[in-house]
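Asks: Need the 3D shape of this:
(one chain, ligands or ions: 1)
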Amino acid sequence: MDWPVVGHEWAVKLLQQALATGQLSHAYLISGPPQVGKTTLARACAQALLCTAAEPPCGQCLACRKVQKGIHPDLYVVAPQTANLLIDQVRELQRQAALSPVEARHKVFILRQIEQATAPAANALLKTLEEPPAHVVLFLTLTEGEQTLPTVASRCQQITLRPLPTAQVAQALQEKWQVPPQRAELLARLSQGRLGWAVTMLTDARAWSQRTQRLDDLLTLSSQNRVERMRYAERLSRQDDAISVLQLWSSWWRDVLLLQHGCEDQVANIDRLEVLRGQAGRYDEQQARAFLEALTSTGRYLEQNANAQLALEVLLLRLPRPAAPQGESNLSR
Ligand SMILES: [Zn+2]
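Replies: Have a look, this model is predicted:
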């Protein structure tokens, strides 16, 4: 059976060959953008390791089905608790790693978002990476742009995942999730090559309505005054999704720029094409470009834990006001 992974063909091949030749590393560090498929790849490799059929992963045997349900006793998925990967979680991992596998010949540990590990947790993990028990295979995932201890990274084989082509995401959504073509195309373009993001949007109605709300906010803000913008910045600074709001707004302003350059086929937010066309006419290219740059640099400040409220205030004060639509002057209003 093919691995249950969409795309990332080279990475799948690399792991398949390592498995086939018995040269699997004891630790892999899989990095890439959020929701691009890092944990999915690790889970697929775990399934191949734990499957009991002649040509793993078969997808049929008891072990495969347990992996798919997330109940295999030799597969541990550890995610950060309360935003941090804590030393207690690493200690528990070490306790489990020292024990023999329950059903399989291996024990597989997937540690998600290793960038969230506290310094003591990362240092404790180092010990396991240096002298892992023979039956243990570890997969650490690292979000693109984030960092872990160099000593942790250097003890792992590194796999860097890139965004998938839009067409591949759209095709997967249609074939594996039975999404109608038009919606699949929209989600694929919005996902920026991150299939996991698109699937979240399919299943999480709240996430989708938040996108709608945040885009509406952006349009409203552009005609609001200083006080209202400052108030919004203050509210946004207290949300933990501020960075993803900025990414959403960046996708919007990129679309405005694309339309100004006549590249309509590359627009991401195609469900709002009419509004975007109007925006493209109401701003000049200079304004669009400058605000897009401001969004990018503000995102970087927030990642560095700068004063979020101040950074967002400065950003929102720079949001340009739209010119009146063509053919409409102030006198005629
Ligand atoms: Zn199997």
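
Asks: Does residue 137 fall in a helix, a strand, or a coil region?
Replies: Classification of residue 137 by DSSP: H, G, I helix; E, B strand; the rest coil places it in strand.

Asks: And for it, the neighbour number?
Replies: Residue 137 has 20 neighbours, counted by other CB atoms under 10 Å. To be clear about C-beta, it is placed using only N, CA and C from the backbone, and glycine gets the same treatment.

Asks: Now it: closest residue in space that isn't a chain neighbour?
Replies: residue 108 (5.0 Å; CB to CB, 6 or more residues apart in numbering).

Asks: secondary structure element for the one you found?
Replies: Remark: residue 108 resides in strand 107-111, with elements defined by DSSP states H and E.

Asks: ditto for residue 140
Replies: Using DSSP H and E, residue 140 sits in strand 136-143.

Asks: Then residue 31?
Replies: Taking DSSP H and E as the criterion, residue 31 maps to strand 27-32.

Asks: and the angle from that strand to strand 107-111?
Replies: Strand 27-32 runs at 30 degrees relative to strand 107-111, counting by axes from the mean of the first three to the mean of the last three CA atoms, to 10 degrees.

Asks: what lines up beside strand 27-32 in the sheet?
Replies: Note on strand 27-32: by DSSP bridges, its sheet partners are strand 136-143 (parallel), strand 157-160 (parallel).

Asks: is any part of the helix or strand just after it close to the ion?
Replies: The helix or strand immediately downstream of strand 27-32 is helix 38-50, counting by DSSP H and E. No. Using CB under 5 Å from the ion, we find that helix 38-50 stays clear of the ion, coming within 7.1 Å at best.

Asks: avg pLDDT for helix 38-50?
Replies: Taken as a whole, helix 38-50 has an average pLDDT of 97.

Asks: Please tell me the pLDDT value assigned to residue 333.
Replies: pLDDT, read off for residue 333, is 38.

Asks: Likewise for residue 244?
Replies: We have a pLDDT of 89 for residue 244.

Asks: Low-confidence stretches in the stretch 1-150 of the chain?
Replies: Regions of the stretch 1-150 of the chain meeting the criterion pLDDT under 70 cover residues 83.

Asks: need the residues of it near the ion, please.
Replies: When proximity is defined as CB under 5 Å from the ion, the stretch 1-150 of the chain approaches the ion at 51, 53, 58, 61, 64.

Asks: Closest to the mean position in the protein, which residue would that be?
Replies: By CA atoms, centre = their mean, the mean C-alpha position of the chain lies nearest to residue 34, the distance being 1.5 Å.

Asks: Please tell me how far that residue sits from residue 246.
Replies: Distance, residue 34 to residue 246, by CB to CB, to the nearest Å: 14 Å.

Asks: Check residue 31 too.
Replies: Between residue 31 and residue 246 the distance is 21 Å, computed by CB to CB.

Asks: And for residue 123?
Replies: For residue 123, the distance to residue 246 equals 33 Å [CB to CB].

Asks: out of the two, which sits in the busier spot?
Replies: Shown here are residue 123 and residue 246; by other CB under 10 Å, residue 246 has more neighbours (24 against 15).

Asks: Now for the residue nearest to that one when sequence neighbours are not counted, how many residues are close by?
Replies: The shortest distance from residue 246 to any non-neighbouring residue, by CB to CB, 6+ apart, is to residue 299 (4.6 Å). Neighbourhood size, residue 299 [other CB under 10 Å]: 21.

Asks: isn't residue 299 right next to residue 245, touching?
Replies: No. Between residue 299 and residue 245 there is no contact under CB atoms under 8 Å: 9.6 Å.

Asks: ok, which stretches of the stretch 151-300 of the chain are helices?
Replies: In the stretch 151-300 of the chain, the segments counted as helices under DSSP state H, counting those that start in this stretch are 166-177, 181-191, 195-203, 205-221, 226-237, 242-260, 273-282, 285-303.

Asks: Show me the one of the ones you listed that comes nearest the ion.
Replies: For the ion, the closest of the helices of the stretch 151-300 of the chain is helix 166-177, at 19.3 Å, according to CB to the ion.

Asks: tell me which residues in that closest one are buried?
Replies: Buried residues in helix 166-177, counted by 16 or more other CB atoms under 10 Å: 166, 168, 169, 170, 171, 172, 173, 174.

Asks: cool, stretch 240-251 as well?
Replies: Applying 16+ other CB under 10 Å to stretch 240-251 flags 242, 244, 245, 246, 247, 248, 249, 250, 251 as buried.

Asks: Then stretch 110-122?
Replies: Of the residues in stretch 110-122, 110, 111, 112, 113, 114, 115, 116, 117, 121, 122 count as buried by neighbour count, 16+ other CB under 10 Å.

Asks: No further questions, thank you.
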